[in-house]
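Colleague: Show me how the following folds:
(chains A and B)
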Protein chains: 2
Amino acid sequence: MRFSTLPIRLLPEAPKDADTVNHQLLVQAGFVRQLMAGVYTYLPFGLKVLNSIQQIVREEMDGIGGHEIHMPALHPAEPWKKTGGWDAVDVLFKLESRTGKEHALGQSHEEVVSPLMGEFIQSYKDLPVAVYQMQWKFRDELRSKSGILRGREFLMKDMYSFHESQADFDRFYEDVKNAYLRVFDRLGLVAKVTEASGGNFTDKISYEFMVLTDAGEDDILYCPNCEFCVNTEIAKVAEGDKCPKCSDASLKMARAAEVGNVFDLGKKFTEVFNINFSNASGEQAKPIMGCYGIGISRTMGVIVERHNDDRGIIWPTSVAPFQVHLITIGVEEAVGKAAYETLQKAGISVLWDDRDKSPGTKFAEADLIGCPHRLVLSKKTAGQVEWKKRTESEPSLVSLEDCIQELT
Amino acid sequence: MRFSTLPIRLLPEAPKDADTVNHQLLVQAGFVRQLMAGVYTYLPFGLKVLNSIQQIVREEMDGIGGHEIHMPALHPAEPWKKTGGWDAVDVLFKLESRTGKEHALGQSHEEVVSPLMGEFIQSYKDLPVAVYQMQWKFRDELRSKSGILRGREFLMKDMYSFHESQADFDRFYEDVKNAYLRVFDRLGLVAKVTEASGGNFTDKISYEFMVLTDAGEDDILYCPNCEFCVNTEIAKVAEGDKCPKCSDASLKMARAAEVGNVFDLGKKFTEVFNINFSNASGEQAKPIMGCYGIGISRTMGVIVERHNDDRGIIWPTSVAPFQVHLITIGVEEAVGKAAYETLQKAGISVLWDDRDKSPGTKFAEADLIGCPHRLVLSKKTAGQVEWKKRTESEPSLVSLEDCIQELT
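Modeller: Numbers count the residues shown, from 1 in each chain, chains lettered A, B, ... in the order given. Got it, this is the predicted structure:
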């Protein structure tokens, strides 16, 4: 993309009301704009990142047999009243139509997916089955802060699975857990599987996928030696206690952000919506249900919290808006265009800063935006390009061909 | 995709409450499910079609210099009160948060995009500029019928452009018009550019892109000889009148569905939001604004209205959920799998009906779903495949290799 054509203006400084690094950097670097607290517009760079995260999640959900669908955001009140969520879920946005009908805005989709899949599930041969969607959700938060970490409107991947037995749910949960760990690994994040409360969804323990960051809203206790990790809200241990799993090390406390979760819903929803299947013996039974979320927009914020320095964002290659940030300084447009097109033809995504700005501004904004590779073409580079990775401080002079070879 | 893994069940007949062909066929063939009147879930086939339509629209909008962004659905009341839309737009869904703040659900995004772009537009050098999004919109319709043609929640592509002069707007409008005609052509639709009222948006005439169908909600008068076309709501001519443009033929009346529209918004919104740029002479001026919609989900419905027969849907290749519907009857799974994988490796999207159903059911459901090509592998086809286009009635026996060659 040619920067000069883009409707994006970077800000000289972070907005004053921004309380977290992701809010500061994403607004300053032109990825998002706040419409109101917790509600953001995604500008071209931001939408690209969001799409890349979605694509990685989609591949991993498809890989474990999930089927993508799209459920509405506007729900009738009836299923929410049926499950009790209408009164129990304090963050549920409610509205009334002109004709006096009550509606809820989806903050989760158990109330929609259960009757939907109930129509499909008739026999044990229809199980297990898992559907997921990428959908904007709404939560009537009393306070919304931390940039895109806690939104009133936010993008989620939510998957729902149905099983003939607890054992089959447990098997699938392992698949999901491994898929989630692959997702976060591909996104450049280390996620800890954390025991937590089931919240509104279930009385059982749930599992959260937590990434350590001071911008998070949870406190977790974890063992530095083994996989033990628990949310302090349900912890029966304290900081400094011996790890109850490996007995080897003392537990540490840390601030973390929840990027994913999984709930064993048991038969809560299949009972409310009276979903039955005939099992192998021909008897009627109710499926066990699970739900699995990944906060797509929140994860984007967490990536920024984990990958930045005092000059700006450092995007992991997997989700960077562009692989290469090409800067031309004082060279003919044709020279810049030739390099730009050569890179694109090699399948490399390029942001070409062809604007009439000072070299200092262009360098500072390249660091702020945070693409993995910066290439500079100037009279000084004399037919070669000055190549610097975002994580490095010193550039090196190489031929464009060599650079392309390394990047592809 | 292997049909046996899909959470889709086709219905023996159309739902009784379905008043239009798109509603009947899309539900019966398992593309969508109604959650409430005007609000639908898109199942895997339906989501695929929706994504294909979006991709075609995206390519054409990018082609005329549009930049994709994503604006929120949940809006603060203030900008809607500022423009008067809060009271004037009767279909605006309104809601109140727990803390008593008033909100609207986006039914169009002028109130969000204008201040957003106002921050960016400072000089004539920043103009023209056009941004668009693919976003679900909400309309509090008193009645919602006609399947996915008139939704309370529906997917739109909405683009907004800003110009230094009326002449530049007119130039861009021609670009949009041609892009829209390319979009509908690629989607297998003939759209008529129709003069209409500006509705809530403007006092000026607007242009609608209309496709003839009895499922539509508009009546248009058109000339069979030239491009003249007008919505009867503003027509100063009547059926049978001589065409006021070519004077050559008599006007005909027809029922039509609006799949796209374009509004010349003038300075209505740039004045309300006080958006200024310095022009080439250094004076402050207000940009001229245009907005351009395509109803993505509605267009999907219109495609079904235009492309069907008494056996089901006949998808244009450009948006078909799969190019090939592969049916295996009484052959070893390995034989089916080999053909399935060979087709996929050739880059052909395939739905493989590997279910344990009768040939009659499989054939009927293939016609109902409406993929462009049906291939049958059975003991009778003896190493070859029986190939039938959805539009043909008689199959022919060919080798899989020849078939692939023709399809790629």
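Colleague: which residue packs closest to the residue nearest the centre of chain A, ignoring adjacent ones?
Modeller: In chain A, the residue lying closest to the centroid (Cα atoms, centre = their mean) is residue A:296, at 2.5 Å. Distance criterion Cβ to Cβ, 6 or more residues apart in numbering or on different chains; nearest residue to residue A:296, sequence neighbours excluded, is residue A:155 at 4.1 Å. Placement of C-beta: from N, CA and C, glycine included.
Colleague: Quick check: what element follows the host helix or strand of the one you found along the chain?
Modeller: Taking DSSP states H and E as the criterion, residue A:155 maps to strand A:153-163. Using DSSP H and E, the helix or strand that follows strand A:153-163 in sequence is helix A:166-186.
Colleague: Next, the angle from whichever helix or strand comes after that next one to helix A:166-186.
Modeller: Downstream of helix A:166-186, the first helix or strand assigned by DSSP H and E is strand A:192-196. Angle of strand A:192-196 versus helix A:166-186, following axes from the mean of the first three to the mean of the last three Cα atoms, to 10 degrees, is 130 degrees.
Colleague: Past strand A:192-196, which element shows up next along the chain?
Modeller: strand A:206-212.
Colleague: Can you spell out which helices and strands pack onto that following strand?
Modeller: helix A:166-186, strand A:192-196, strand A:218-222, strand A:229-231, strand A:252-266 (3 or more Cβ pairs under 8 Å, 6 or more residues apart in numbering or on different chains; DSSP states H and E).
Colleague: What pairs with that strand, parallel or antiparallel?
Modeller: strand A:192-196 (antiparallel), strand A:252-266 (antiparallel) (DSSP bridges).
Colleague: And the average pLDDT for the longest one is what?
Modeller: What it means is strand A:252-266. What strand A:252-266 shows for mean pLDDT is 96.
Colleague: what's the answer for the shortest one, then?
Modeller: Taken as a whole, strand A:192-196 has an average pLDDT of 94.
Colleague: Surely residue A:355 is in a helix?
Modeller: No: counting by DSSP: H, G, I helix; E, B strand; the rest coil, residue A:355 is located in no helix; its state is coil.
Colleague: Tell me which residues touch it, please.
Modeller: Applying Cβ atoms under 8 Å, 6 or more residues apart in numbering or on different chains to residue A:355 gives the contacts A:3-4, A:362.
Colleague: Next, give phi and psi for it.
Modeller: The phi and psi values for residue A:355, taken as degrees, to the nearest 10, are phi -80, psi 160.
Colleague: From chain B, how far off is it?
Modeller: 10 Å (Cβ to the nearest Cβ, to the nearest Å).
Colleague: any bit of the helix or strand encompassing residue A:339 sitting next to chain B?
Modeller: Assigned by DSSP H and E, residue A:339 falls within helix A:333-345. No: using Cβ under 8 Å from any Cβ of the partner chain, helix A:333-345 stays clear of chain B, coming no nearer than 14.0 Å.
Colleague: Pull out the buried positions in that helix.
Modeller: By neighbour count with 16 or more other Cβ atoms under 10 Å in any protein chain shown, helix A:333-345 contains the buried residues A:336, A:339-340, A:343.
Colleague: where does chain A have low pLDDT?
Modeller: Counting by pLDDT under 70, chain A contains low-confidence ranges at A:201.
Colleague: can we see that at 80?
Modeller: A:198-205 (pLDDT under 80).
Colleague: That one: helices as residue ranges?
Modeller: Listed in chain order, the helices of chain A (DSSP state H) span A:21-28, A:44-63, A:77-83, A:85-88, A:110-120, A:166-186, A:268-272, A:296-306, A:333-345, A:359-369, A:400-407.
Colleague: Can I get stretch A:55-69 in CSV, CA atoms only?
Modeller: Taking C-alpha atoms only, stretch A:55-69 is exported to CSV below (Å, rounded to 0.1, in the frame of the first residue of the first chain):
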residue,chain,number,x,y,z
GLN,A,55,-7.4,-16.3,10.1
ILE,A,56,-5.0,-18.0,12.5
VAL,A,57,-7.8,-18.8,14.9
ARG,A,58,-10.0,-20.0,12.0
GLU,A,59,-7.3,-22.4,10.7
GLU,A,60,-6.8,-23.9,14.1
MET,A,61,-10.6,-24.3,14.8
ASP,A,62,-11.1,-25.8,11.3
GLY,A,63,-8.2,-28.1,12.2
ILE,A,64,-10.0,-29.7,15.1
GLY,A,65,-13.2,-30.1,13.2
GLY,A,66,-15.0,-26.8,14.0
HIS,A,67,-17.5,-25.5,11.4
GLU,A,68,-17.7,-21.8,11.0
ILE,A,69,-21.2,-20.2,11.0
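Colleague: I'd like to know how many residues surround the nearest residue to residue A:157 once chain neighbours are set aside.
Modeller: Excluding the flanking residues, the one nearest residue A:157 by Cβ to Cβ, 6+ apart is residue A:294, at 4.4 Å. Counted by other Cβ atoms under 10 Å in any protein chain shown, the residues lying close to residue A:294 total 30.
Colleague: One more: the one 3 residues further on?
Modeller: Residue A:297: 26 surrounding residues under other Cβ under 10 Å.
Colleague: Am I right that it is in contact with residue A:151?
Modeller: Yes: Residue A:297 is within contact range of residue A:151, at 6.2 Å (criterion: Cβ atoms under 8 Å).
Colleague: Of the strands paired with strand A:206-212, which stretch is the most buried?
Modeller: The highest average neighbour count among these, using mean count of other Cβ atoms under 10 Å in any protein chain shown, belongs to strand A:252-266 at a mean of 22.
Colleague: what's the offset of that one from the middle of its chain?
Modeller: 14 Å (Cα atoms, centre = their mean, to the nearest Å).
Colleague: now stretch A:257-273
Modeller: So, by Cα atoms, centre = their mean, the centroid of stretch A:257-273 is 19 Å from its chain's centroid.
Colleague: before we move on, what about stretch A:278-298?
Modeller: Centre-to-centre, stretch A:278-298 and its host chain are 23 Å apart (Cα atoms, centre = their mean).
Colleague: need the residues of the stretch 151-300 of chain A near chain B, please.
Modeller: A:152-153.
Colleague: count of residues packed around the residue in the stretch 151-300 of chain A positioned nearest to chain B?
Modeller: Chain B sits closest to residue A:153 of the stretch 151-300 of chain A, with a gap of 4.7 Å, by Cβ to the nearest Cβ. Close neighbours of residue A:153, defined as other Cβ under 10 Å, add up to 22.
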